[in-house]
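Chemist: just a sequence and a predicted model for now, questions to come.
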Amino acid sequence: MRIFIEGESYSLDILKPIFGDKFYMPNGVKGIIDNVGYYHSIDNEVIYLLPKVFIDTKGLILNKYPKDLFAENSIDDVIESQDELNWLKRFLIIFYKGLIEYRVRYKNTIQSKGDVLQLSSSLGENEYSFLDIVLSFVNFHKKNKNTILFIHKKQTSAKHKKVNWGKTVRKSNPFVTNEGIPIYSELNVKKKYIDTEEELLCMFYSVLYHLKTEYNFSIQIDESYTIAKGSAYKKLAANAPKILKKIRYKYFSDTLVKMYKLLELYFSKSNKVSIQNKNEDFIMVKYYHLIFEDMIDKLITSKIDTKETSKGVSLKKLKENKDGKIIDHLFEYDSLIDRDESIFYIGDSKYYKTNNEVQENSIYKQFTYAKNVIQFNIDLLNEGKKINNNIRYRDKVTEGYNITPNFFIQGVVTDIFNFDDDKLAIDFDKGIKHSYHFKERIFDRDSLFVNHYSINFLFVLKSYTNKSSFELEKYRVEIHKKFRTNFVSYLKKQNLFKFYHTEFESKELLKQFIDTEFRNLTGRVYISKSNDSRLILAVNGSDIELKEYFTDSYNKGKHLRETYFSSPNFERVDFSELELI
């Protein structure tokens, strides 16, 4: 097995003998890999073109190996650490399964990508790749190992039904027990015959042992089977098509018939001299960022609402716009301010080399996506429609807008042995990008935020192929909670805004207060959905306009748990600090 990395350049002397003129873009004496995928060559070699996330900004794979080493040599010859080698072989299988999963999802559901996606394969609808057959071998063994063992024991015992005891006694020495009973371990069977069942089982387990060694499958093989290894296996593989042809019609058990077909398929793909062998098989994709986007989307989002405005706009159309401006991820979850109401969280997948930074233009595009989603919901509100009773984008009394969470999510590889922890992390040092017309007004529709997350690429890839619908739904609840909690933590940590709240005797009195002080409160207040007599006030540290309404302790930079707002119309209104949870 050899490895190439997407976006990296290699000598044409290496590329041409393997790929011909496919899967790379010539650039002088070198070629740049412009595909990601799996390739099984005519020489029976499995080659992977891996995503660029596996190479760092220094040009190293796994933080230590120059990329050309994996292109010029088999990974078994490059990697000395058995743990690293086992990990890489395990990863390559999961990576392949991810390509297959996307092929299925793309065909069935992801039609809106259109010509943007270039997914190519040498395989027809009912054809199998070499690696498909390898995986089928392993799954077949796991499901049928008990049945196979029974068949083996049955045919072994059948050998001893007709024993020539005369020759057995004359030609072998028995083991004699303490009771004087002779036991013969080598019996002379009267009828000599070729056991085709044993022949098939030995071939099957020889192939299985070879695959276990080659791809590091975690399978236990019973040593009671005769297994060809090393040079004996090579000889078996060379003669396999002839052997299989001779014993083709010898089996009646469904299990053995399936085993025979698997062996026939395997050797037709792996044996170069077989007349059934095709030149190659491959599954390749350009623009792997679309696959990464689908991985994240399957992991964190569910069904998108199709309700339309009078102009024919829906969330589904906003998310999958045919002009190529596609919102990667969109899901509904608890509002930052009030858990009794919900808001849409907007996400964008970032597919870079590990350690690369998000580009500035991506940040502004993400703000545009948020504005489009806000406007869609406001259009519904103006038309007297709503997606559901929980979604709330604008408070009619204060005319304040709910905070719209917005984020980037970038796949990284930091611990190669970790497939089971998402390692979701927000970078507080980079901070949350804040776009606004008025810095002090957080409840303004133009006050927008976008934060930056990293996530374990290996976890995402494994989840894409392995998680059940139940496990996915459970994980979505967990990660949605993390997105909300991290945003709230950021607001607390950075002291961008401090939140206060007060409760009026009635909603009428609250409305009177808003009407009177609207000029001073616009964009700074919001009424909780769970309590229409409760007013929430967000105070920015640089808000000069509000300072005169607070006590001297506020002007001195102290944030007390009790503060107040006063005006000629309202002698005193007390606000307590609000703890966002």
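Modeler: Arrived safely. Numbering: from 1, shown residues only.
Chemist: wait, residue 40 touches residue 283, no?
Modeler: No - the criterion here is CB atoms under 8 Å, and residue 40 misses it with residue 283 at 9.7 Å. C-beta here means a position set from N, CA and C on the backbone, and glycine is covered the same way.
Chemist: joint contacts of those two?
Modeler: Residues touching both residue 40 and residue 283 (CB atoms under 8 Å, 6 or more residues apart in numbering): residue 129.
Chemist: what's the closest non-adjacent residue to residue 26?
Modeler: residue 12 (6.8 Å; CB to CB, 6 or more residues apart in numbering).
Chemist: for residue 211, what are its contacts?
Modeler: Counting by CB under 8 Å, 6+ apart, residue 211 has contacts 134, 137, 138, 217.
Chemist: show me where the stretch 301-450 of the chain has its strands.
Modeler: 329-334, 342-350, 406-412, 425-426, 433-435, 448-456 (DSSP state E, counting those that start in this stretch).
Chemist: what does the average pLDDT come to for the fourth one?
Modeler: Regarding strand 425-426, the rounded mean pLDDT is 84.
Chemist: what sits up against that strand?
Modeler: With CB under 8 Å, 6+ apart, strand 425-426 has contacts from 451, 452, 453, 454, 455, 486, 489, 490.
Chemist: contacts made by stretch 136-147 with the rest, please.
Modeler: Residues contacting stretch 136-147 (CB under 8 Å, 6+ apart): 128, 148, 207-208, 211, 217, 219, 222, 255, 258-259, 262, 265-266.
Chemist: buried set for that stretch?
Modeler: 136, 137, 138, 140, 141, 144 (16 or more other CB atoms under 10 Å).
Chemist: show me which of the residues you listed is closest to residue 67.
Modeler: residue 138 (29.7 Å; CB to CB).
Chemist: tell me if that closest one really is in a strand.
Modeler: No - applying DSSP: H, G, I helix; E, B strand; the rest coil, one finds residue 138 to be helix, outside a strand.
Chemist: can you redo the buried residues of stretch 136-147 as a markdown table with pLDDT and distance to residue 413?
Modeler: A markdown table is the format used below for the buried residues of stretch 136-147 (pLDDT from 0 to 100; distance: CB to CB, whole Å):
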| residue | pLDDT | distance to residue 413 |
| --- | --- | --- |
| 136 | 84 | 29 |
| 137 | 83 | 29 |
| 138 | 82 | 25 |
| 140 | 85 | 32 |
| 141 | 84 | 31 |
| 144 | 80 | 36 |
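Chemist: would CSV of these with distance to residue 427 be doable?
Modeler: Formatted as CSV, these follow (distance: CB to CB, whole Å):
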residue, distance to residue 427
136, 43
137, 44
138, 40
140, 46
141, 45
144, 49
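Chemist: returning to that earlier point: closest to residue 293 out of the contacts of stretch 136-147?
Modeler: Nearest to residue 293 among the contacts of stretch 136-147, with distances taken as CB to CB, is residue 128, at 27.6 Å.
Chemist: returning to that earlier point: need the contact list for the residue nearest to residue 26.
Modeler: 26, 29, 30, 31.
Chemist: what are the C-alpha coordinates of stretch 207-218, in CSV please?
Modeler: C-alpha atoms of stretch 207-218 as CSV (Å, rounded to 0.1, in the frame of the first residue of the first chain):
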residue,chain,number,x,y,z
VAL,A,207,-6.8,-15.7,2.3
LEU,A,208,-8.3,-14.5,5.6
TYR,A,209,-4.9,-14.8,7.4
HIS,A,210,-3.3,-12.9,4.6
LEU,A,211,-5.9,-10.1,4.8
LYS,A,212,-5.5,-9.9,8.6
THR,A,213,-1.8,-9.4,8.2
GLU,A,214,-2.1,-7.0,5.3
TYR,A,215,-4.9,-4.7,6.7
ASN,A,216,-4.6,-5.3,10.4
PHE,A,217,-8.1,-6.7,10.9
SER,A,218,-9.0,-7.6,14.4
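Chemist: pull the distance from that stretch to the chain's centre.
Modeler: 25 Å (CA atoms, centre = their mean, to the nearest Å).
Chemist: re earlier: just the buried residues of the contacts of residue 12.
Modeler: Those of the contacts of residue 12 that meet the buried threshold are 30, 31, by 16+ other CB under 10 Å.
Chemist: out of the contacts of residue 12, the closest to residue 393 would be?
Modeler: Nearest to residue 393 among those, with distances taken as CB to CB, is residue 31, at 50.3 Å.
Chemist: thought that closest one was touching residue 20?
Modeler: No - in this structure residue 31 lies outside contact range of residue 20 using CB under 8 Å: 11.1 Å.
Chemist: name the residues contacting each of these two.
Modeler: Taking CB under 8 Å, 6+ apart as the contact criterion, no residue touches both residue 31 and residue 20.
Chemist: got the contacts of residue 12 as TSV, with secondary structure columns?
Modeler: Conversion of the contacts of residue 12 to TSV gives the following (three-state DSSP):
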residue	secondary structure
26	strand
29	coil
30	strand
31	strand
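Chemist: ok so, going back, turn the contacts of strand 425-426 into CSV, including distance to residue 380.
Modeler: CSV is the format used below for the contacts of strand 425-426 (distance: CB to CB, whole Å):
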residue, distance to residue 380
451, 26
452, 30
453, 29
454, 34
455, 32
486, 28
489, 31
490, 29
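Chemist: any quick ChimeraX command for the buried ones out of those residues?
Modeler: In ChimeraX, a selection of the buried entries from the contacts of strand 425-426 looks like this (16+ other CB under 10 Å):
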select :451,452,453,454,455,486,490
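Chemist: give me the neighbour count for the closest residue to residue 65 other than its chain neighbours.
Modeler: Using CB to CB, 6+ apart and skipping the chain neighbours, the partner closest in space to residue 65 is residue 78 (6.5 Å). By other CB atoms under 10 Å, the residues close to residue 78 number 18.
Chemist: hmm, residue 78 is touching residue 69, no?
Modeler: Yes - taking contacts as CB under 8 Å, residue 78 lies within contact range of residue 69: 5.0 Å.
Chemist: now residue 17, what's its secondary structure?
Modeler: helix.
Chemist: pLDDT below threshold where in the stretch 401-550 of the chain?
Modeler: Low-confidence segments of the stretch 401-550 of the chain (pLDDT under 70): 428-431, 493-495, 544-550.
Chemist: what ranges does it have for its helices?
Modeler: 457-466, 469-494, 507-521, 544-547 (DSSP state H, counting those that start in this stretch).
Chemist: how about the ones you listed in TSV, adding distance to residue 288?
Modeler: TSV is the format used below for the helices of the stretch 401-550 of the chain (distance: least, CB to CB, whole Å):
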stretch	distance to residue 288
helix 457-466	11
helix 469-494	22
helix 507-521	49
helix 544-547	49
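Chemist: tell me which of the ones you listed sits most buried.
Modeler: Highest mean neighbour count of the helices of the stretch 401-550 of the chain: helix 457-466, a mean of 21 (counted as mean count of other CB atoms under 10 Å).
Chemist: I am finished for the moment; much appreciated.
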